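Trainee: Here is a sequence with its predicted model. Questions after.
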Amino acid sequence: MSERIEAPLIAFYSALKDAHGLQHWWPAESAFETIIGAILAQNVSWTGAYKAVCALKEAGLMDPHLLFQAGEYTIAPLIRSSRYYNQKAGKIMVFLSWFLENCDGEISKMASLPCLKVRRELLTLSGFGPETVDSILLYALEKPVFVADAYTRRIGSRQGWFEENITYTRMQEFFMDRLPSDVSLYNDFHAQIVYLGNRICKKNPNCSACPVRDTGIIQCRYAHNH
DNA sequence: ACCCAGGGCGTTG
DNA sequence: CAACGCCATGGG
């Protein structure tokens, strides 16, 4: 309850923002598109996920009712570039079933439901884990929910903030306990972590060219062989 | 040829 | 509980 604000964490974020600029997440034309994008972006590069988003838009299907009517076997080939496209086509249908049933396919209704209730319910859907659900809450519904991920774990542990094997929940609490409840801050903080995480070594925590600690000036795009 | 990307689930030991 | 296998594209 005593949410004291920790300056070092803010300073870390500021260093990243100063070095790389605001990331302007989530790139989408609508909140619904953000949700679909969050599903398609699971464990794949954003370029692949974004191509799939565009394919759905070009097919005129970026709409809850039309997408649901199209069915998973129609959308699967459209989203090939998002990698596990058969699974993801199924996940989209699973979400749409919930969305149409509980919100009539209207984002405003979803946003007006209690955040924790939505979080609980989405987490029961097959294919929707904490990161995807929290991304939907933060980036589509603009709820003050901090999104953690594999990069957050990697970077946070290299910073000495927590152990590498920390759970998702505890990692999320680490940030929410130390940051003001600010949607814009949560938004760009996670985006900065992803930007940084994308260009540091996955395997070598001690890579001298990976400037995770302190400034955030990037030198290592794991271009060298360890 | 390799590595890895804005995860999550099901199955083993 | 951890440690895997599975899904199955595309860019560097």
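Mentor: Perfect, I can see it now.

Trainee: And the residue of chain A closest to DNA strand C?
Mentor: Shortest chain A-to-DNA strand C distance, computed as CB to the nearest atom of the strand: residue-wise this is A:Asn86, at 2.8 Å. Yep, even glycine has a C-beta here, placed from its N, CA and C like the rest.

Trainee: list the contacts for that residue?
Mentor: Contact partners of A:Asn86, counting by CB atoms under 8 Å, 6 or more residues apart in numbering, are A:Glu72, A:Ala76.

Trainee: Please tell me the pLDDT value assigned to it.
Mentor: A:Asn86 is assigned 98 on the pLDDT scale.

Trainee: three-state assignment of it?
Mentor: With DSSP: H, G, I helix; E, B strand; the rest coil as the basis, A:Asn86 sits in helix.

Trainee: and it, how far is that from DNA strand B?
Mentor: 11 Å (CB to the nearest atom of the strand, to the nearest Å).

Trainee: Over to A:Tyr151?
Mentor: As judged by CB to the nearest atom of the strand, A:Tyr151 and DNA strand B stand 7 Å apart.

Trainee: what about A:Asp104, neighbour count?
Mentor: 12 (other CB atoms under 10 Å).

Trainee: Which residue would you name as the spatial centre of chain A?
Mentor: Of all residues in chain A, the one closest to the mean position by CA atoms, centre = their mean is A:Ser135, 4.3 Å from it.

Trainee: isn't A:Lys91 right up against A:Leu122?
Mentor: No: using CB atoms under 8 Å, A:Lys91 is not in contact with A:Leu122, being 11.2 Å away.

Trainee: Overlap in contacts, those two.
Mentor: Taking CB under 8 Å, 6+ apart as the criterion, A:Lys91 and A:Leu122 both touch A:Phe128.

Trainee: near DNA strand C, which residues of chain A?
Mentor: Contact residues, chain A versus DNA strand C (CB under 7 Å from any atom of the strand): A:43-45, A:47-48, A:80-81, A:83-87, A:165.

Trainee: Repeat the analysis, applying 10 Å as the threshold.
Mentor: A:42-45, A:47-49, A:51-52, A:55, A:76-77, A:79-90, A:127, A:165-167, A:221-223 (CB under 10 Å from any atom of the strand).
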